[in-house]
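S.K.: Structure, please.
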Amino acid sequence: MGEGVTITSSPVQTGRMAARRGSTGPQPYDFRRPIKLSREHVRMLQIVFETYARSCATLLTTRLRAVSQLSLLAIEQVTYDEYISTLSSPTVIGSVTLAPLPGQVLMEVPLGSMMASLDHMLGGPGGIQPTRPLTDVEIPLVRNLLEKMLAELSYGFEQLVPTNPRLGALEYNPQFVRAVSPGDAVVVASFEIRVGDTENLASICLPFTTIMPVLRSDNDDVKLSEEEQAVRRNAHRKISDGLSAAPIDVAVKFRAVRMRTDEIVDLQPGDVVRLHHPVDEPLTITVNDHTFAHAVPGNQGTRLACLVVPEPHEENH
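M.R.: Okay, the predicted model is just below:
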């Protein structure tokens, strides 16, 4: 039996493995390792990565000042060893964490596309660049660009679960990267990346243990370790404290009055506008036109004020 399983995002599209091997025919299937991704799972991932591809293409075009495209080719289920064997060397591979999700994700961009991007960022024409390691000056530029691309990945994943991508170490040789065990199942999203006239295949590799809890959950019920739960609780507390101290514009309103346009234009200082607000009806207290309390007008010393009172219907009971 063969070892690979390929799920393409469209019947007419071929996966990364087939594209790199130069084959568009049937793919081998291992009956000892039945496929676990359902059609619904593939559809969910397809929406995530298509959203990411569109936003990332806009980012690259704006940042590089060159027409750039990123198109989703396929979503594939393979082993980690099979994925690594399809990657060329050298290439640019970034180790990524998607907190609060567990595990390590890989983001791979061909060195040719990265060198062309660097040339555009530095004011060059792009195109085919020499194959060589990145210099100490170029590495910070590459990391910054990859971090911007990861921010767009977070935007795509918002439909499934909020994530906080963090870029770790960069590597050139795929054989030196060990995210999971060689036989572990991974989900690979393959992309066609075009930067100016340069065209290559890029990919994002997610371990099954990272993505499956999200796909199987209806309520973002991701199993987290105690440490990850503590980080989430701390973040929730900080957000709550920040919101509690945030200033909010509050308005106290009378009942609205309808006036014609010419009446409003003719208003002069000293004119009196009659309000149709009953004397015994409380005013409304609103935030962004949402009523959350009622009050009666008054003053506190020399300042106008209002006294919060129960809602009118509550007084009648």
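S.K.: before we move on, which element is residue 42 in?
M.R.: In the assignment (DSSP states H and E), residue 42 maps to helix 39-64.
S.K.: from the chain's centre, how far out does that helix sit?
M.R.: Here helix 39-64 shows a centroid-to-chain-centroid distance of 9 Å under the convention C-alpha atoms, centre = their mean, to the nearest Å.
S.K.: list the helices and strands it packs on?
M.R.: Here helix 39-64 touches strand 68-79, helix 111-121, helix 138-157, strand 185-195, helix 208-215, going by 3 or more C-beta pairs under 8 Å, 6 or more residues apart in numbering; DSSP states H and E. Quick note: C-beta positions are derived from backbone N, CA and C, even for glycine.
S.K.: right, so of these, which gets closest to residue 311?
M.R.: Minimum separation from residue 311 across the helices and strands packed on helix 39-64 (C-beta to C-beta) falls at helix 138-157, 41.1 Å.
S.K.: for the stretch 201-317 of the chain, what spans make up the strands?
M.R.: Along the stretch 201-317 of the chain, the stretches classed as strands by DSSP state E, counting those that start in this stretch are 251-253, 283-287, 290-300, 303-309.
S.K.: Can you name every helix or strand that the longest one contacts?
M.R.: Going back to what we said before, that points to strand 290-300. Here strand 290-300 is seen to pack against strand 283-287, strand 303-309 when contacts are counted using 3+ C-beta pairs under 8 Å, 6+ apart.
S.K.: Could you dump these into JSON lines with distance to residue 49, mean neighbour count and mean pLDDT added?
M.R.: Below are the helices and strands packed on strand 290-300 laid out as JSON lines (distance: least, C-beta to C-beta, whole Å; neighbours: other C-beta atoms under 10 Å; pLDDT from 0 to 100):
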{"stretch": "strand 283-287", "distance to residue 49": "38", "mean neighbour count": "16", "mean pLDDT": "89"}
{"stretch": "strand 303-309", "distance to residue 49": "51", "mean neighbour count": "11", "mean pLDDT": "88"}
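S.K.: so which of these comes closest to residue 295?
M.R.: Among the helices and strands packed on strand 290-300, the nearest to residue 295 by C-beta to C-beta is strand 303-309 (3.8 Å).
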